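Student: Need the 3D shape of this:
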Amino acid sequence: PRGVFQRTTSSWPTEIHVREDVGIIVDIQCGGWSTTVLTSDGKLFTVGILDASNAQHTGQPVNHLTQLQKFGQFQVTGVRHFSAGRCHVLGLDDDGYVWSWDNAEQAGCLLSFQNNLGYARQATRVVAGWAESSAYIPGKGIIFWPAVSTRRDQDVQGYDRTVNESLVPATGYRRSVGSTAQPPAGHERLPSVECDMREEDVGEVLAHVVLEGYIVFITHLNKLFACGIGGDSSRQSTITGQNPQQILRSRVFEIPGYASEGRVFKDIQGSFRNFAVFTANGEVLAGHIDYLNHVFAERYDAFRKGIATPNEQNVQYPQALLDSRPVDIPALQHTGVIAVAFGDYHSHALHADGTITAYGIEPGCCGALGLGSTVAGARFRGVKTSRTPGNRDGKLLPIANRRGRQVWFEHEKRDWLQWLENWIRTPTALP
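Tutor: Sure thing, here's the model as predicted:
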C-alpha cells in the first residue's frame, strides 16, 4: 500500500474490481475517505482509509476491498446492518452486538453501554455520524456517544469498550399495547423537569440521522424532531443547576415547516449538515443544520424572554424564519426517489427505476457529481466552472434542480461529450 493516502478522482462512473470471495453486495455506503460494503453473508469490506481526519491516518489505506474483522468467537457471527460515518463504521451483528471500526487493519471494538446494561443486545439499528455514534433501542429510545477509537496497545487495552452513552429524551415510546419496555429492577428513571415532553406526544421513532451537532428523527405521528448534541446548540447558555440529561431535554424540539395535514413521513436520510425527509406521496423535503440552528436560537430567545418554557413545543416562529427553510429540489419531487446520499457539498439521488441524479457543487471541479470532466464536456451537462480567481468550483446551472441531471454510465456518451468539447474549442467551430 502507498505510504501516504492519495485520493483517486474520477468524473465518470468507474467500475471497481470486486473479487469473487467478496460475494454479493447488498449495501454500500461512503465515509469521509472510504467506501464500505455489506455482503449477503454478513461480511463488511472497506476500501480507502476509514479515518484520515486532521491529516492523521489511523492505519494504512487499503487499495482493495478488505474485510473488517471482529475478534475471537464473534468472527462467525454475521453483520446484519451497518452505518458509515465520517471517520468510523458501526455494525450491528446477528446476535445484537454493536461494533465500531476506525482502522481496517485492526479488529473492531465490541461496545457495551454502561447506562443501559438492562437493554443489552436489544438495539435494532445503528447510525454513525460526523463525530458521534448512535443506536436505537425499542422501548428505550435513541442513545448516542462519541465515536470510539480503536487505537490500542495490545498489552494494555482489549477489544471491548464500555461507553458512557446519553439518551435522547422522550424517544422510547412504542405503539404496541403493553410492549413499552419497563426499566429493569434497580434502574432509575432520569430526572424530569417542568413541562417535560411526554413520550406519547412525541411518538414512536421511525428513523433518525446523526448530523454535525444534531440528531434528527421522525415519528409515527408524522412529526420531525431534533436534539442538539453539540455544535452551535452546545454553545447556547443553559439553565443553572440542570444535570446533563435535563440540558438535553431543553434541546429537544419539533422542527417547524415540515409537518402538514395529510403528509405522512416515511423515512429520513442525511449526513454532516444535510438531511432529507421522505413522505408517502413521493415528496423529498430538504433540510440543513443552518435552519436547525436558527430554530434553536429562536426557541432559546423565547425562553430567555419568558415567552415560552424550555420544553414547550408550541413556540410561535416568525414567518421570516419559516421561509428560511431550505428549498425542496423540484427534480426530487414525485420522481420515485428511494435514497439520497449526501457529500459535504453535493448529493446523489437514487430513483426507483435505477437512475441516479446529481446535485450540488464540485469543489475544485473534482468530478464528484459524476457528470463528466469540466475539460471534457461537463458544460453540456449543466456544470458551470466559476471564473472567480482562486475559485475553480463546478456548479450546476439552476435548471438542473428543476429537470435533474442523470448520471450516465455509457462510455459512448462520455466520448460524445468529449467530441462536443473538442468541437467547441476549435477556433473554426464558431461563427
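
Student: C-alpha only now, for contacts and for neighbours.
Tutor: Fine.

Student: list the contacts for residue 273?
Tutor: By Cα atoms under 8 Å, 6 or more residues apart in numbering, the residues touching residue 273 are 211, 212, 288, 289, 290, 344.

Student: The first one and residue 322: what is the separation?
Tutor: The one in question is residue 211. 21 Å (Cα to Cα, to the nearest Å).

Student: More neighbours: which of these two?
Tutor: residue 211 (26 against 16; other Cα atoms under 10 Å).

Student: Give me the phi and psi for the nearest residue to the more buried one once chain neighbours are set aside.
Tutor: Excluding its sequence neighbours, the residue lying closest to residue 211 (Cα to Cα, 6 or more residues apart in numbering) is residue 272, at 4.7 Å. Dihedral pair for residue 272: phi 60, psi -100, per degrees, to the nearest 10.

Student: Contact partners for residue 272?
Tutor: Residue 272 neighbours (Cα under 8 Å, 6+ apart): 129, 130, 210, 211, 212, 342, 343, 344.

Student: among those residues, which ones are buried?
Tutor: Buried by 16 or more other Cα atoms under 10 Å: 129, 130, 210, 211, 212, 342, 343, out of the contacts of residue 272.

Student: Kindly export the helix or strand in which residue 338 is found (C-alpha atoms) in CSV.
Tutor: Secondary structure assigned from DSSP states H and E places residue 338 in strand 337-342. The C-alpha trace of strand 337-342 is given here as CSV (Å, rounded to 0.1, in the frame of the first residue of the first chain):
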residue,chain,number,x,y,z
VAL,A,337,-36.6,8.8,-5.2
ILE,A,338,-35.8,5.9,-2.8
ALA,A,339,-32.5,7.1,-1.4
VAL,A,340,-30.3,10.3,-1.2
ALA,A,341,-26.6,10.1,-0.4
PHE,A,342,-25.1,13.4,0.8
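
Student: Return the list of strands paired to that strand, each annotated with direction.
Tutor: Applying DSSP bridges to the sheet, strand 337-342 is found paired with strand 346-351 (antiparallel).

Student: residues making contact with the strand it pairs with?
Tutor: 332, 335-342, 356-362, 368-369.

Student: can we see that at 6 Å?
Tutor: Applying Cα atoms under 6 Å, 6 or more residues apart in numbering, the contact partners of strand 346-351 are 336, 337, 338, 339, 340, 341, 356, 357, 358, 359, 360, 361.

Student: Switch those residues over to TSV, and while doing so, append neighbour count, pLDDT and distance to residue 102 to every line.
Tutor: Below are the contacts of strand 346-351 laid out as TSV (neighbours: other Cα atoms under 10 Å; pLDDT from 0 to 100; distance: Cα to Cα, whole Å):
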residue	neighbour count	pLDDT	distance to residue 102
336	18	98	34
337	22	98	31
338	16	97	29
339	19	98	25
340	23	98	24
341	18	97	21
356	19	98	29
357	24	98	30
358	23	97	29
359	25	97	29
360	21	95	28
361	23	94	28
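
Student: before we move on, the earlier item: next step: the contacts of residue 273 restricted to strands.
Tutor: Among the contacts of residue 273, the members falling in strands (DSSP state E) are residue 288.

Student: Make TSV from the contacts of residue 273 and add pLDDT to it.
Tutor: TSV is the format used below for the contacts of residue 273 (pLDDT from 0 to 100):
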residue	pLDDT
211	96
212	95
288	98
289	97
290	97
344	92
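
Student: quick one: the strands in the stretch 201-350 of the chain?
Tutor: Per DSSP state E, counting those that start in this stretch, the stretch 201-350 of the chain carries strands over the ranges 205-210, 214-219, 224-228, 252-254, 265-271, 274-279, 284-288, 337-342, 346-351.

Student: Report the spatially closest residue to residue 222, excluding sequence-adjacent ones.
Tutor: Leaving aside its sequence neighbours, residue 222 sits nearest to residue 265 (Cα to Cα, 6+ apart; 5.2 Å).

Student: what is the one you found paired to in the beta sheet?
Tutor: If you apply DSSP bridges, the partners that residue 265 bridges to are residue 279.

Student: Touching, it and residue 279? I think so.
Tutor: Yes - using Cα atoms under 6 Å, residue 265 is in contact with residue 279, at 4.5 Å.

Student: The two: which has the busier surroundings?
Tutor: The neighbour count for residue 265 versus residue 279, taken as other Cα under 10 Å, is higher for residue 265 (24 against 18).

Student: The more buried one and residue 286, how far apart?
Tutor: Taking Cα to Cα, one finds residue 265 at 13 Å from residue 286.

Student: Same question for residue 98.
Tutor: Counting by Cα to Cα, the gap from residue 98 to residue 286 is 30 Å.

Student: neighbour count winner among these two?
Tutor: residue 98 (27 against 18).

Student: who are the neighbours in contact with the nearest residue to that one once chain neighbours are set aside?
Tutor: Leaving aside its chain neighbours, residue 98 sits nearest to residue 92 (4.7 Å; criterion: Cα to Cα, 6+ apart). Residue 92 makes contact with 79, 81, 98, according to Cα under 6 Å, 6+ apart.

Student: ok, these vs residue 148, which is closest?
Tutor: Minimum distance to residue 148 across these is 11.7 Å, recorded for residue 98 (Cα to Cα).

Student: Which positions are bridged to the closest one in the beta structure?
Tutor: Beta-bridge partners of residue 98, as defined by DSSP bridges: residue 92, residue 111.
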